[in-house]
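> Take a look and give me a structure for this.
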Amino acid sequence: MALSPPTPPQTNETLSSLGKASSSDKGGLQIVLGQKLAATVVKISNGQALLNIAGQTITAKLPQQTLTEGQQLQVKVTQIKPSVVLTFSNPQAISTTNTPSSIAPEKLMQQLLTQILPNQTSISHGMAQLVQLTQTSNFPTAIQGYLFKLFDGLFKLSGRVKPEEFQAALLSSGLFLESAIAKNKQPPRNDFKANLLKLLNLVQSESTQSPELKTLAKTLQQLLNKITHQQIQAIENPNSWHVQIPTSPDHSLIEFQLDIRKTTTKSDAIWETIISLEIEDMGTLISKCTLQNEEFGFQFWAEKPILKSELETQIETFRHQLNQNGLKVKHILINQQKPEPNPIATKIALIDIKV
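Numbers count the residues shown, from 1 in each chain. All right, here's what the predicted structure looks like:
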């Protein structure tokens, strides 16, 4: 939908969005009069600016003053009918890559979370929706082909995943796209977030928006919001990182929680890990492993009797396997109560996100 600006305010420059953002478009960004949004200038070309707002790409007419790629803007919705108009303060007062931001990072994150939290979906569910759409919808050839390219680039699980395979899947999950670009590095060839952005731009460029294309755009936006949410969570709390790595839809993943802690002592430090996972039809299993002076201790807790019984039959086999691998075992216990972390232990981040 082409949008045209009204008479510009005296103190503001006006960006008239030419994208398909609309106050009634449930598949895209939800526009409300007076709403303030964080925007990033992605690209400048032919008198137009490509903006990224809450993960959605919008094309806009350039104002009289010059914008630069990578510039951070705070825009305000000043009109939604008959056309959507976004205004912003003088660009000279707005941060660029070389000047400090006029908006506190914490406030910027809160604004972004407000926009994306109501409109996101899990990676696995979103990918299942995309697969179903390719089977039931008649998309243009270019879009259908890019969807298959997206599927081909996903991490394919095997019986035993090698560390380098997991590392490659993590780096191409979309979490590090902006970091790579900021460091003038080329992101991974099959970067998930980059492919979602390209596909969303391709869908929005279609002159006719069928119900199937609107559903596709909505699903893509929800997936982008999920990745953005994961990025914000990683920044706010690097010691507790929730990541959904995009995997091929014909495989299933078992999600689990991993807590790593360290207690500093006068001699050797005490390391401990607590893993909690759900086992189908058998309930929750929680295990705690401690390591001190090259000696291991294990505690297990099972939610259901059937799982506890299975653990009891496997304990000696587990002990034998540890001994075969040259590991010293202090004890292996099945507890009546859930294992708890040492209250004075320090949580340790599994992955350094500053890459």
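
> Skip the chain neighbours and tell me the closest residue to the spatially most central residue of the chain.
Centroid-nearest residue in the chain: residue 227, 1.8 Å away (criterion: Cα atoms, centre = their mean). Excluding its sequence neighbours, the residue lying closest to residue 227 (Cβ to Cβ, 6 or more residues apart in numbering) is residue 174, at 4.5 Å. Glycine gets a C-beta too; all of them are placed from N, C-alpha and C.

> Roughly how far does the closest residue to residue 34 other than its chain neighbours sit from residue 85?
Using Cβ to Cβ, 6+ apart and skipping residues adjacent in sequence, the residue nearest residue 34 is residue 77, 6.4 Å away. Relative to residue 85, residue 77 is positioned 7 Å away (Cβ to Cβ, to the nearest Å).

> thinking again about what came up before, can I assume the residue nearest to residue 227 is in contact with residue 193?
Yes. Counting by Cβ atoms under 8 Å, residue 174 touches residue 193, with 2.9 Å between them.

> out of these two, which sits in the more crowded spot?
residue 174 (26 against 22; other Cβ atoms under 10 Å).

> What's opposite residue 297 in the beta bridge?
When bridges are called by DSSP bridges, residue 297 pairs up with residue 290, residue 331.

> Also residue 275?
Bridge pairing for residue 275 - DSSP bridges - gives residue 258, residue 287.

> what about it, how many residues close to it?
As a burial measure, residue 275 scores 15 neighbours (other Cβ under 10 Å).

> show me the contacts for it.
256-259, 286-287, 289 (Cβ atoms under 8 Å, 6 or more residues apart in numbering).

> between those, which is nearest residue 216?
Distance to residue 216, by Cβ to Cβ, is smallest for residue 256 among these, at 31.6 Å.

> For the closest one, which non-adjacent residue is spatially closest?
residue 277 (3.6 Å).

> and the one you found, how many neighbours?
13.

> how near is it to residue 260?
15 Å.

> again, but for residue 52
Counting by Cβ to Cβ, the gap from residue 52 to residue 260 is 34 Å.

> Quick one: end-to-end length of stretch 157-165, please.
Terminal residues of stretch 157-165 lie 9 Å apart, using Cα to Cα, to the nearest Å.

> tell me which residues in that stretch are buried?
For stretch 157-165, a neighbour-count test (16 or more other Cβ atoms under 10 Å) marks residue 157 as buried.

> what about that stretch, distance to the chain center?
Distance of stretch 157-165 from its chain centroid, counting by Cα atoms, centre = their mean, to the nearest Å, is 21 Å.

> what's the model's confidence in it, averaged?
Per-region confidence: stretch 157-165 scores 75 on mean pLDDT.

> what's the answer for stretch 119-132, then?
Across stretch 119-132, pLDDT averages out at 84.

> mind listing the strands for this protein?
With DSSP state E as the criterion, the chain has strands at 13-16, 36-45, 48-53, 56-61, 72-79, 85-88, 256-263, 270-279, 283-292, 295-302, 328-334, 346-347.

> If you average pLDDT over each of those, which is lowest?
strand 13-16 (a mean of 43).

> coming back round to it: please report the distance of the residue nearest to residue 256 from residue 39.
40 Å.

> Over to residue 275?
Applying Cβ to Cβ to residue 275 and residue 39 gives a distance of 41 Å.

> go on, residue 235?
For residue 235, the distance to residue 39 - Cβ to Cβ - is 19 Å.

> Looking at these two, which one has more neighbours?
Comparing residue 235 with residue 39 by other Cβ under 10 Å, the one with more neighbours is residue 39, at 21 against 12.
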